[in-house]
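Q: Test case, fold it:
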Amino acid sequence: MSLLLNPKSIAVVGASPTRNRSKSLLQNLNKAEYKGEVFAINPRYTDVLGYKCFPAIESLPSPVDCVVALVGADAAIEALEQAFAMGTRAAVVPSAGFGEGGHGEERAARLRRLASGGMWACGPNCFGLLNVKTGATMYSGAVSFPLRTGPVAIVSQSGGLCHNAFSPLMNYRQLGFTYVISCGNASITTIEDYISHLVDDPEIEVIAVVIESLTKPRLLFDAAQRARERRKSLIFFQPGRSDVGRAMVRSHTGALVGDSEVLAAFLRRCGIVQIESYDTFIETIELFALAPRDDKLAHEIIVLSGSGGGAAVAADTLESAGVPLAPLAPQTVERISAALPDFGSVNNPLDGTGSIYDDPSLLPALMEAILANPGNSAIACAISAGTSTEQMLRIAGNFADAAKNSGRTIVAFQPNPLGATLKPELVNRLNEGRVPLLLGISEAMRSVKSLFTRQEFWSRPAQSLSFSEQVQNCSQDRLTTDFMILREALTNAGVSVIPTRRVTSEQEAIAAARELGLPVAIKADASGLIHKSDIDGVRLGCATDEDIAHSYRAVVDNAKKAGFTEASALVQPMASGIAEAYAGIIQDPTFGPAVVFGLGGVFIEILKDTVSEMAPLTRATALRMIAGINAAPVLYGARGRPHADVEALATLLVGLGDFAVANAGRFSALDINPIIVKAQGHGAHAVDIALDV
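A: Numbering: from 1, shown residues only. You can find the predicted model right below:
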């Protein structure tokens, strides 16, 4: 990896003074003042843009550290094999044609053979990479110079999204980078390989990642834990999240949880901040690079705006993002009131009016009052960074001085993301105080939410961040779908399941009902029968012998009509509570088992109000899941309802996570729906279990 990221010599195959990508890469090397050796490879030339040119790899005087193959796929793989034979162990492969869309599998296999022999390769199908420190710009896209070094590294499978993030941040907001890696397919050297290496670089504090997929979850998990220990930030953005590709749709869980939800749960388990929108991703890179890495930051914010409308937009965004506004203490209100004009608003967000731009004494007085407010909240302040007037430079200085003197998290935001070109002198003044400059009110507020998410990850006990991989070649048999066997296994794992009897006759049904206590529910039971209500296989509230016998015959007959010829029935006591919940397990082939939770019943697939976390679960994680659904107030006593037994529900979820880990690889998905949740202190019990093997 060090040869790939920090080569002392580079060979450019397909070097040309006219072909765009080749010309661009060689010019980038020249402008970056790369001090290592550069060899051009092309039989048509003896010199290309000032670099000595050789006819072929074999004609080089000695092996190079890294070869860049700026030729078609067939010529590229031949050049890589030649370079490998000479001793080269690193390559950049910008060309496509190595298995994308089912094409080029033979070339991809040859590339994998080189990798198995020890070659590290960036790509295929990429722009390449920049080592900003050394000038090793093996990057065929446009680069604006001069380069600026700093604490950020970006790794992206999308070349365009990579360029559109680092270029404006470096050029307009003066943010420094260590590495820029456009890795394309990342089929040889993976996203996880890069991250694992970059986390150990002492100069890197932020690693921003654009991913399509992951293949080495254990490597990423371990790297994320090292990042957490060293207070380094990992920020992920995944484009193209959709319902396409959802697996295991026979079960509720498979219908509810797709690849992107499991990936998001895995990233949370790692302690990696995932950003929902690309624009917010860019702003969060700026924020994480400059804001203090302070574990003690309160999960609240104070917003200072020069516009009442801007203050309202900030409040709206913060509410939707779940970020609370810090309350202003009476003494803070008093101090602000004394400083503000009569028409100012002493609330949070604080409308300082246009006077904060005109009166040089006002902003320092307001900042002093805000900083003295109890707590350690973040502070976000509006500024017009496209105007290098004396007033705006003074305001930037006020923010920078306040940040340096207080050590607090102070963020400057430009209300209009489409404003004029940022003024370098103003940006530089903010950077001197490590005050991030964010563009757009809404994006700025969403980015601050990510800051709190990072803090929450860092504050978790290390033992809560365990990871259970999927068992790829499990020697155990697949789990049986037999309800009674599943019930016993789940109960042993700590999942409370309602008492149940299997019956094969009317007489057995009557006897079981009397034993369990009337009234009872009678349900069809057969191997492969998942959704009983779909075949009219459920009867509820059966209270007499005649009703029980009739219900038994009906559900069994309906099951047989639906093709389940060996049907029997289950008898359960009728259970009632204050809510019905749902829980499930999905076994992801890459990330392992995940637990899903939501309010249950027949509308679970329609409402899709669920949250997913990787198994196993700690009790704290289970409680966060319960509180994390939109309908959580139903369980917490909303509108005078009884408070549900959330503790019992959490116990059930923890047990379900333990069951998922113990049986990883033995089934595809499992549903428990409904879970009857009783009032506080009275328990929560699973009723129906459905397994998809």
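Q: Tell me where the model's unsure across the stretch 1-150 of the chain.
A: Residues of the stretch 1-150 of the chain meeting the criterion pLDDT under 70: 100-102.
Q: As a check, name the ranges of all helices in it.
A: Under the criterion DSSP state H, counting those that start in this stretch, the stretch 1-150 of the chain carries helices at the ranges 2-5, 20-31, 73-86, 105-116.
Q: Figure out how far the third one is from the centre of its chain.
A: When you say that, I think you mean helix 73-86. Centre-to-centre, helix 73-86 and its host chain are 37 Å apart (CA atoms, centre = their mean, to the nearest Å).
Q: list the helices and strands that helix packs on?
A: strand 9-13, strand 66-69, helix 105-116 (3 or more CB pairs under 8 Å, 6 or more residues apart in numbering; DSSP states H and E). All C-beta spots, glycine's among them, are computed from the backbone N, C-alpha and C.
Q: Recalculate using a threshold of 6 Å.
A: Judged by 3 or more CB pairs under 6 Å, 6 or more residues apart in numbering; DSSP states H and E, helix 73-86 is in contact with strand 66-69, helix 105-116.
Q: Counting neighbours, what do you get for R434?
A: Neighbourhood size, R434 [other CB atoms under 10 Å]: 16.
Q: How much space separates it from A412?
A: Distance, R434 to A412, using CB to CB, to the nearest Å: 11 Å.
Q: Grab the nearest non-local neighbour of N42.
A: Spatially, and ignoring its direct neighbours in sequence, N42 is nearest to A15 (4.9 Å; CB to CB, 6 or more residues apart in numbering).
Q: what's near enough to touch that neighbour?
A: Applying CB atoms under 6 Å, 6 or more residues apart in numbering, we find A15 in contact with 22, 40-42, 48.
Q: Most neighbours among the residues you listed, which one?
A: Counting neighbours by other CB under 10 Å, I41 leads the contacts of A15 with 29 neighbours.
Q: In space, what's closest to it - neighbours in sequence excluded?
A: Once flanking residues are discounted, I41 sits nearest to V13: 4.4 Å by CB to CB, 6+ apart.
Q: cool, I275 as well?
A: Distances taken as CB to CB, 6+ apart place F281 nearest to I275, at 4.2 Å, with adjacent residues excluded.
Q: Can you report how many residues lie near the one you found?
A: F281 has 26 nearby residues by other CB under 10 Å.
Q: same deal with A90?
A: A90 has 25 neighbours, counted by other CB under 10 Å.
Q: quick one: it and W120 touch, right?
A: Yes. Assessed by CB atoms under 6 Å, A90 is found in contact with W120 at 5.1 Å.
Q: Quick one: the helices in the stretch 351-500 of the chain, in order.
A: Using DSSP H, counting those that start in this stretch, helices in the stretch 351-500 of the chain cover 355-358, 362-371, 390-406, 424-432, 441-459, 483-493.
Q: returning to what we had before: please tabulate the helices of the stretch 1-150 of the chain in a markdown table, including the columns distance to K523.
A: Converted to a markdown table, the helices of the stretch 1-150 of the chain look like this (distance: least, CB to CB, whole Å):
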| stretch | distance to K523 |
| --- | --- |
| helix 2-5 | 60 |
| helix 20-31 | 65 |
| helix 73-86 | 58 |
| helix 105-116 | 49 |
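Q: Go through those and name the closest to N347.
A: Within the helices of the stretch 1-150 of the chain, the stretch nearest N347 is helix 2-5; the backing value is 50.1 Å (CB to CB).
Q: related to what we said a few turns ago, please report phi then psi for the residue nearest to I275.
A: Note on F281: backbone dihedrals following degrees, to the nearest 10 are phi -60, psi -50.
Q: and the gap between A372 and V210?
A: Taking CB to CB, one finds A372 at 41 Å from V210.
Q: Okay, now the unreliable bits of the stretch 551-693 of the chain?
A: Within the stretch 551-693 of the chain, the segments meeting pLDDT under 70 span 601-603.
Q: Please verify my assumption that I498 contacts Q572.
A: Yes. Counting by CB under 6 Å, Q572 is a contact partner of I498 at 5.3 Å.
Q: my guess is F145 meets E33, correct?
A: No. In this structure F145 lies outside contact range of E33 using CB under 6 Å: 9.5 Å.
Q: still on that earlier bit, winner for burial among the helices of the stretch 351-500 of the chain?
A: When those are scored by mean count of other CB atoms under 10 Å, the highest mean neighbour count falls to helix 441-459 (a mean of 22).
Q: quick revisit: and for A90 and W120, which residues touch both?
A: With CB under 6 Å, 6+ apart as the test, A90 and W120 both reach L4.
Q: element containing G184?
A: Take DSSP states H and E as the rule and G184 turns out to sit in neither a helix nor a strand.
Q: Can you give me the neighbour number for the residue nearest to it when sequence neighbours are not counted?
A: In this structure, G184 finds its nearest non-sequential neighbour in C126, 3.0 Å apart by CB to CB, 6+ apart. C126: 27 surrounding residues under other CB under 10 Å.
Q: Roughly how far does C126 sit from S182?
A: Distance check for C126 against S182: by CB to CB, it reads 5 Å.
Q: go on, A511?
A: In terms of CB to CB, A511 sits 70 Å off from S182.
Q: now swap in N6 and tell me
A: N6 sits 17 Å away from S182, going by CB to CB.
Q: ok, the two, which is more surrounded?
A: Taking other CB under 10 Å, N6 and S182 do not tie; S182 has more neighbours (30 against 16).
Q: I498 and Q572: which has the busier surroundings?
A: Q572 (21 against 17).
Q: Helix, strand or coil: sort out that one for me.
A: strand (DSSP: H, G, I helix; E, B strand; the rest coil).
Q: Surely it and P519 touch.
A: No. At 10.4 Å, Q572 and P519 do not qualify as touching, with contact defined as CB under 6 Å.
Q: need the contact list for the residue nearest to G184.
A: Going by CB under 6 Å, 6+ apart, C126 touches 94, 159, 182-184.
Q: mind redoing it with 10 Å?
A: If you count contacts by CB atoms under 10 Å, 6 or more residues apart in numbering, C126 has them with 92-96, 139-141, 156-159, 162, 181-186.
Q: Are there residues contacting both of Q572 and P519? Which ones?
A: Common contact partners of Q572 and P519 (CB under 10 Å, 6+ apart): 513, 540.
Q: rewinding a little: closest to S377 out of the contacts of A15?
A: Closest to S377 out of the contacts of A15 is S22 (52.5 Å), distances taken as CB to CB.
Q: hmm, back to that, who wins for proximity to I302 among the helices of the stretch 1-150 of the chain?
A: Between these, helix 2-5 lies closest to I302; by CB to CB that is 41.4 Å.
Q: Now do the buried residues in the closest one.
A: Across helix 2-5, burial judged by 16 or more other CB atoms under 10 Å covers 3-5.
Q: What of stretch 538-551?
A: Neighbour-count burial for stretch 538-551, with 16+ other CB under 10 Å as criterion, is recorded at 538-539, 542, 545, 547-549, 551.
Q: what's the closest non-adjacent residue to F564?
A: A526 (3.6 Å).
Q: Right, I'll call it a day here.
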